[in-house]
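Q: missing the sequence, but the structure's below:
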């Protein structure tokens, strides 16, 4: 048996309930990677045309989380690989509703489990350096870093327009005012800044 066939058989696993074999692929060979590569420019152009795809505060909350996450990945990259300047990568999808169509603004972030580092001279492509899975302390550092950033954000925004949601996202403002039992708010036009 050749080394190639041993290598591939070591990485095959029975598929769920089908008896078929599943073979893990390299990330660049996945449908997700190909789709992002093919559609990214179109998506970015459409986002630029629409302006901000999310209210400013939502973008600031996401930025706080991503910065805390990237800081931890870079810290782990320094510790594991001894690199000083690392770059990280992630994509986030903003979801505005829960599975019951309730207002539930939240993020789904897919981050690379490693860092990119310049390992060559000028013009050389950065090299991806994988990191081991995070331990509980790493997760706690991301949480603490996010909390610190969010505290600063809340303090900075203390004097700002308190009805920014009604101004920027009137439909979300009305939905946020709905009671849990499904009853309408007393005056929904007040919540959306007046008018219809």
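A: Cool, got the structure. Computed from a predicted structure; not experimentally measured.
Q: for the chain, longest helix please?
A: helix 56-81 (DSSP state H).
Q: strands paired with the next helix or strand after that one, and their directions?
A: Sequence order places strand 86-87 as the next helix or strand after helix 56-81, per DSSP states H and E. Note on strand 86-87: by DSSP bridges, its sheet partners are strand 114-117 (antiparallel).
Q: one step back: buried sites along the longest helix of the chain?
A: Buried residues in helix 56-81, defined by neighbour count with 16 or more other Cβ atoms under 10 Å: 57-58, 60-61, 64-66, 68-74, 76-77, 81. Using the backbone N, CA and C atoms, a C-beta is placed for each residue, glycine as well.
Q: Could you list the low-pLDDT ranges of the chain?
A: The model of the chain has pLDDT under 70 over residues 1-36, 40, 43-44, 46-48, 50-54, 101, 159-165, 168-196.
Q: And the strands in it?
A: Counting by DSSP state E, the chain has strands at residues 13-14, 21-22, 86-87, 90-97, 103-111, 114-117, 127-130.
Q: would you list those in TSV and tack on distance to residue 42 and mean neighbour count?
A: Below are these laid out as TSV (distance: least, Cβ to Cβ, whole Å; neighbours: other Cβ atoms under 10 Å):
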stretch	distance to residue 42	mean neighbour count
strand 13-14	35	10
strand 21-22	31	12
strand 86-87	24	18
strand 90-97	15	13
strand 103-111	19	13
strand 114-117	24	20
strand 127-130	25	14
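Q: I'd like to know which of those strands is closest to residue 49.
A: strand 90-97 (17.0 Å; Cβ to Cβ).
Q: orientation of the closest one relative to helix 56-81 in degrees?
A: 150 degrees (axes from the mean of the first three to the mean of the last three Cα atoms, to 10 degrees).
Q: Strand 90-97 packs against which elements?
A: Applying 3 or more Cβ pairs under 8 Å, 6 or more residues apart in numbering; DSSP states H and E, we find strand 90-97 packed against helix 56-81, strand 103-111.
Q: contacting residues around the nearest residue to residue 91 once chain neighbours are set aside?
A: Sequence neighbours aside, residue 110 is the residue nearest to residue 91 in space, at 5.4 Å (criterion: Cβ to Cβ, 6 or more residues apart in numbering). Contact partners of residue 110, counting by Cβ atoms under 8 Å, 6 or more residues apart in numbering, are 90, 91, 92.
Q: so which of those residues comes closest to residue 118?
A: The nearest member of these to residue 118, counting by Cβ to Cβ, is residue 90 at 19.2 Å.
Q: Relative to residue 100, how far out is the nearest residue to the closest one once chain neighbours are set aside?
A: Among residues not flanking residue 90 along the chain, residue 111 sits closest, at 3.8 Å (Cβ to Cβ, 6+ apart). Distance, residue 111 to residue 100, using Cβ to Cβ, to the nearest Å: 28 Å.
Q: Could you do residue 75 as well?
A: Distance of residue 75 to residue 100, computed by Cβ to Cβ: 38 Å.
Q: now do residue 63
A: Per Cβ to Cβ, residue 63 is found 28 Å from residue 100.
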